[in-house]
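Asks: Whatever this is, show me its structure:
(one chain, ligands or ions: 1)
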Amino acid sequence: MRNRDFAATLSWDQENFVHPWEDMEGLGAGERSFVESADGVRVTTENAERLIDGPGGMWCVQLGYGNSELAEAMARQAREMAYFSPFTASNSVSAQLAHEIALRTPGDLNRVFFTTGGSTAVDTALRFVQFRNNLLGKPDKKIVISREKAYHGSTYLAASVSGKERDKNWFDQADELTHFLPDVNPYRRPAGTTVEEFLDAKVADLENAILEIGAHRVAAFIAEPILASGGVVVPPEGYHRRCLDICRRHDVLYICDEVVTGFGRLGHWFASETVFDIVPDIITCAKGLTSGYAPMGACIISDRLMQDISGNASRGATFSNGYTYSGHPVSAAVALKNIEIMERDGVLDHVRRISPLFQERLADLSGLPMVSDTRGMGLVGCVECNVDGMDGEDALQLDTEIGARIDAHCQRLGLLLRPIINMCVFSPPLIIAEDDVNLMFDILGEGIRRAADDVARQRKRGA
Ligand SMILES: Cc1ncc(COP(=O)(O)O)c(C=O)c1O
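Replies: You can find the predicted model right below:
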């Protein structure tokens with residue numbers, strides 16, 4: 001039941017606020033929960049329900065909610081100097097942040113271009129690759145290879161390299177610049193195929209695509225270390241390493257999209273080298289960079305890529321790409337404080353310590369009714385649920401309904417989820433304690449059982 005005083009706010013939300021991924025059929029009629037306050041790993045709704053935040057906002061609230069040190073860093077910077085144009089001048093917080101990021105990136109990824117979030121970081125990476133090849137006299141080398149189920153953002157180019165088919169249905173995209181490799185989810189490998197054979201096939205997909213298109217036309221390969229909103233797809237071990245080797249062989253750049261995996265989600269500042277054994281050419285990050293307290297992203301480019309197009313080799317070019325809020329001082333100040341706290345409080349160690357419990361509890365769900373797969377790494381996980389459809393049932397509608405039911409039960413029990421159709425994904429704040437990890441999975445298990453009972457009852461009635 002909604003608080004009656006909330007009626008006006010609800011109508012503003014319905015009539016004026018167009019949300020991401022807005023459902024056009026139900027425009028103006030949806031009743032979203034309102035999250036009005038939050039502390040630690042819990043959010044509070046307008047009805048004073050306190051819920052554990054399973055998705056960590058949107059994979060981003062690394063240090064949890066209500067952190068007064070982060071809030072104070074932002075307030076201090078806003079009082080001191082909230083904003084000045086990065087086109088005209090620099091400021092010491094952004095310069096220091098660029099330095100601190102460069103200290104934590106692998107290899108020679110030392111050039112940090114600040115953006116407003118993940119999509120603009122990816123967009124910047126793609127525009128940089130085009131710009132660089134034009135300068136190098138390779139104007140035909142423009143195709144970017146991506147993968148089915150990838151999500152890289154919502155700007156035109158970032159959306160064009162995203163591979164979630166349903167999201168593209170009614171949109172135009174830069175199809176002439178992209179090529180997609182088939183699903184890399186080992187769970188969906190053909191029957192009778194081992195994981196090793198599947199890995200060989202997936203690596204071959206990349207090389208075959210480059211050979212088919214022609215290496216002289218392929219500019220880059222873009223990949224999330226773990227396909228995040230595509231359903232937390234962890235590739236077989238060695239996949240990224242072998243893909244990087246192929247890219248190197250064919251002069252194709254490797255863009256590693258660490259928007260979700262960066263800043264601690266897998267227990268390291270960046271996952272590329274420490275977890276996946278690759279030093280890519282470009283890393284994009286956002287989200288956890290500020291723990292979600294202010295919008296900011298970054299496109300981090302290697303010195304090597306810069307060298308042959310700068311100085312005497314620049315041909316007088318300007319990299320005309322930038323945002324009013326590139327290196328926004330308030331965002332930079334909170335990002336610096338975020339790094340300082342993570343380091344001081346051993347947050348990355350904590351993630352590495354608590355991840356085995358998280359993954360163990362996740363795997364335990366596989367014995368429950370409807371659960372068809374569980375997968376994850378570090379503090380990110382996914383539970384996929386399915387029921388066999390009956391004659392006349394629409395599979396997508398059924399899957400969506402399952403996710404929604406689990407979500408509704410969990411919310412009643414004190415856990416906020418983010419169902420993506422029939423998958424529930426988790427990426428709680430990194431500071432989550434053992435008790436709350438256990439509570440989260442206890443509730444999720446109960447939510448799945450109750451949703452399975454609903455389905456069984458419904459079927460009985462229908463039979
Ligand atoms: C891997 C990845 N890249 C890019 C983005 C886009 O980031 P943003 O929503 O900050 O623009 C996302 C968002 O979820 C993401 O998961």
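
Asks: is it true that residue 381 lies in a helix?
Replies: No: with DSSP: H, G, I helix; E, B strand; the rest coil as the criterion, residue 381 is strand rather than part of a helix.

Asks: That one - how many residues pack around it?
Replies: Number of residues near residue 381 (other Cβ atoms under 10 Å) recorded here: 26. Backbone N, C-alpha and C define where each C-beta goes, glycine included.

Asks: Can you tell me how far it is from residue 435?
Replies: 18 Å (Cβ to Cβ, to the nearest Å).

Asks: Which helix or strand contains residue 270?
Replies: Using DSSP states H and E, residue 270 falls within no helix or strand.

Asks: show me the contacts for it.
Replies: 104, 105, 106, 258, 261, 262, 283, 285 (Cβ atoms under 8 Å, 6 or more residues apart in numbering).

Asks: my hunch is that the third one is in a strand, does that hold up?
Replies: No: the assignment for residue 106 (three-state DSSP) gives coil, which keeps it out of a strand.

Asks: Let me see the contact set for it.
Replies: Here residue 106 is in contact with 270, 272, 273, 274, 278, 279, 280 (Cβ under 8 Å, 6+ apart).

Asks: Going by neighbour count, which of those residues comes out on top?
Replies: residue 280 (31 neighbours).

Asks: Pull the contacting residues for whatever residue of the stretch 101-250 of the chain ends up closest to the ligand.
Replies: Residue of the stretch 101-250 of the chain nearest the ligand, by Cβ to the nearest ligand atom: residue 118 (2.2 Å). Contacts of residue 118 were listed using Cβ under 8 Å, 6+ apart, and they are 152, 153, 158, 257, 259, 284, 285, 286, 287, 297.

Asks: of the residues you listed, list those near the ligand.
Replies: Here is what survives when these are matched to the ligand using Cβ under 6 Å from any ligand atom: 152, 153, 257, 259, 286, 297.

Asks: Chain neighbours aside, what residue packs nearest to the fourth one?
Replies: If I follow you right, that is residue 259. residue 118 (3.7 Å; Cβ to Cβ, 6 or more residues apart in numbering).

Asks: got TSV for the contacts of residue 118, with distance to residue 82, neighbour count and secondary structure too?
Replies: As requested, the contacts of residue 118 are exported to TSV (distance: Cβ to Cβ, whole Å; neighbours: other Cβ atoms under 10 Å; DSSP: H, G, I helix; E, B strand; the rest coil):
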residue	distance to residue 82	neighbour count	secondary structure
152	30	30	coil
153	26	23	coil
158	28	25	helix
257	30	30	strand
259	26	29	coil
284	26	31	strand
285	24	27	strand
286	21	29	coil
287	22	28	helix
297	19	28	strand
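
Asks: Closest to residue 354 out of those?
Replies: Nearest to residue 354 among these, counting by Cβ to Cβ, is residue 287 at 19.4 Å.

Asks: so that closest one sits right up against residue 262, yeah?
Replies: Yes: contact criterion Cβ atoms under 8 Å: residue 287 and residue 262 qualify, at 7.5 Å.

Asks: Tell me the residues of the stretch 51-200 of the chain that contact the ligand?
Replies: Taking Cβ under 6 Å from any ligand atom as the contact definition, the stretch 51-200 of the chain meets the ligand at 117, 118, 119, 122, 151, 152, 153.

Asks: switch the cut-off to 5 Å
Replies: Contacts of the stretch 51-200 of the chain with the ligand, taken as Cβ under 5 Å from any ligand atom, map to 117, 118, 119, 152, 153.

Asks: can you give me the helices in the stretch 51-200 of the chain?
Replies: For the stretch 51-200 of the chain, the helices defined by DSSP state H, counting those that start in this stretch occupy 56-59, 68-81, 92-104, 118-135, 156-160, 165-168, 195-213.

Asks: Out of those helices, which gets the lowest mean score?
Replies: Note on those: helix 165-168 shows the lowest mean pLDDT, a mean of 88.

Asks: What ranges in this structure fall below the confidence cut-off?
Replies: Low-confidence segments of the chain (pLDDT under 70): 1-4, 389-392, 463.

Asks: at 90 what do you get?
Replies: Low-confidence segments of the chain (pLDDT under 90): 1-7, 30-33, 165-166, 168-169, 187-188, 386-401, 418-421, 455-463.

Asks: doesn't residue 233 make contact with residue 423?
Replies: No: Residue 423 is beyond contact range of residue 233, at 10.3 Å (criterion: Cβ under 8 Å).

Asks: quick one: buried residues of the helix or strand encompassing residue 461?
Replies: Assigned by DSSP H and E, residue 461 falls within helix 434-462. By 16 or more other Cβ atoms under 10 Å, the buried positions in helix 434-462 come out as 436-437, 439-441, 443-448, 450-452, 454-455.

Asks: Then stretch 202-221?
Replies: 202, 203, 205, 206, 207, 209, 210, 218, 219, 220, 221.

Asks: and what of stretch 157-173?
Replies: Residues of stretch 157-173 classed as buried by neighbour count (16+ other Cβ under 10 Å): 157, 158, 159, 160, 161, 162, 163, 164.

Asks: and the helix holding residue 461, what other elements does it pack with?
Replies: strand 50-53, helix 347-364, strand 380-385, helix 395-413, strand 415-416 (3 or more Cβ pairs under 8 Å, 6 or more residues apart in numbering; DSSP states H and E).

Asks: any chance of those in CSV, plus distance to residue 94?
Replies: Conversion of the helices and strands packed on helix 434-462 to CSV gives the following (distance: least, Cβ to Cβ, whole Å):
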stretch, distance to residue 94
strand 50-53, 29
helix 347-364, 23
strand 380-385, 29
helix 395-413, 39
strand 415-416, 33
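
Asks: any idea which of those is most buried?
Replies: strand 380-385 (a mean of 26; mean count of other Cβ atoms under 10 Å).

Asks: what distance separates that strand from the centre of its chain?
Replies: The chain centroid and the centroid of strand 380-385 are separated by 15 Å under Cα atoms, centre = their mean, to the nearest Å.

Asks: I'd like to know how many residues surround residue 88.
Replies: By the criterion of other Cβ under 10 Å, residue 88 has 6 neighbours.

Asks: That one and the ligand: what is the separation?
Replies: Remark: distance between residue 88 and the ligand (Cβ to the nearest ligand atom, to the nearest Å) = 26 Å.

Asks: Contact residues of the stretch 251-400 of the chain facing the ligand?
Replies: Counting by Cβ under 5 Å from any ligand atom, the stretch 251-400 of the chain sits next to the ligand at 257, 259, 260, 286.

Asks: let's see 8 Å
Replies: By Cβ under 8 Å from any ligand atom, the residues of the stretch 251-400 of the chain that approach the ligand are 257, 258, 259, 260, 261, 284, 286, 287, 295, 297.
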